[in-house]
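Colleague: Sequence first, then the predicted structure, then my questions.
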Amino acid sequence: MGAGKVIAIIGASISLASLFLSLFLPEWFSWYRASITDGSTTAGLYLTGFGNFISMGGFSPLTDIIYLTLIGAFVIMVGAILLIIGAAKEIKAMGIIGGVLTLIGPILLLSSLVVGIYDWQGLIGQPNVFWGLEEVFPGLWLSWGVWIGFFMALVGGVLGLVGGATV
């Protein structure tokens, strides 16, 4: 098995893992999060590939679906499947298309954040929607930013594109 195949399959796997881990463990693997803590209790809003979760001490109901992230999740899934098929059958064009699609998914998330920047500013009160930390009351901290699932999807997309192009 060539290095391109291995890299493409690893990229596809990381991209898919970013989706499913964000669904089942949104507090750790969400694509974006805004949380407030007093040091002992944390409540947060977690954006995943499948919608928003709100957490209050371990309970995380799905509250809203953001269609751009759903489209991004779908694009990542299709790209990962194309990457795996392209690597298995050694079809370079399919590998490249799959790699591009897996990379477009997290870019759609960034697009949704930029488009919705004014909505997020209402939540965080700062112009930097991508990351930050602010003490809102003495001992009460608000943090926000792109999170682990986003970086997993981005790394998976880059690896998928590199692997797909070298199949």
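Modeller: Yep, that arrived. Numbering: from 1, shown residues only.
Colleague: ranges for the helices of the protein?
Modeller: 3-24, 26-29, 67-89, 92-115, 117-124, 148-165 (DSSP state H).
Colleague: got CSV for these, with mean pLDDT too?
Modeller: Output for these, formatted as CSV (pLDDT from 0 to 100):
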stretch, mean pLDDT
helix 3-24, 92
helix 26-29, 87
helix 67-89, 88
helix 92-115, 83
helix 117-124, 53
helix 148-165, 92
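Colleague: so can I have a markdown table of the ones you listed showing mean neighbour count and distance to L133?
Modeller: For glycine as for every other residue, the C-beta is placed from the backbone atoms N, C-alpha and C. Converted to a markdown table, the helices of the chain look like this (neighbours: other Cβ atoms under 10 Å; distance: least, Cβ to Cβ, whole Å):
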| stretch | mean neighbour count | distance to L133 |
| --- | --- | --- |
| helix 3-24 | 22 | 22 |
| helix 26-29 | 20 | 17 |
| helix 67-89 | 21 | 24 |
| helix 92-115 | 21 | 17 |
| helix 117-124 | 13 | 10 |
| helix 148-165 | 24 | 17 |
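Colleague: So which of these is nearest G39?
Modeller: Among the helices of the chain, the nearest to G39 by Cβ to Cβ is helix 26-29 (16.5 Å).
Colleague: mind checking how far L101 is from V129?
Modeller: L101 sits at a distance of 25 Å from V129 (criterion: Cβ to Cβ, to the nearest Å).
Colleague: who's Y32 bridged to?
Modeller: L47, V146 (DSSP bridges).
Colleague: follow-up on the earlier one: dump the helices of the chain to TSV, plus distance to L47.
Modeller: Formatted as TSV, those follow (distance: least, Cβ to Cβ, whole Å):
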stretch	distance to L47
helix 3-24	8
helix 26-29	8
helix 67-89	6
helix 92-115	8
helix 117-124	10
helix 148-165	9
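Colleague: OK, contacts around the residue nearest the centre of the chain?
Modeller: Closest to where the C-alpha atoms of the chain average out (Cα atoms, centre = their mean) is F150, at 3.0 Å. Applying Cβ atoms under 8 Å, 6 or more residues apart in numbering to F150 gives the contacts 18, 31-32, 106, 109.
Colleague: could you redo the last one with a cut-off of 6 Å?
Modeller: 31, 106 (Cβ atoms under 6 Å, 6 or more residues apart in numbering).
Colleague: what do you get for Y46?
Modeller: Counted by Cβ under 6 Å, 6+ apart, Y46 has contacts 26, 30, 33, 53.
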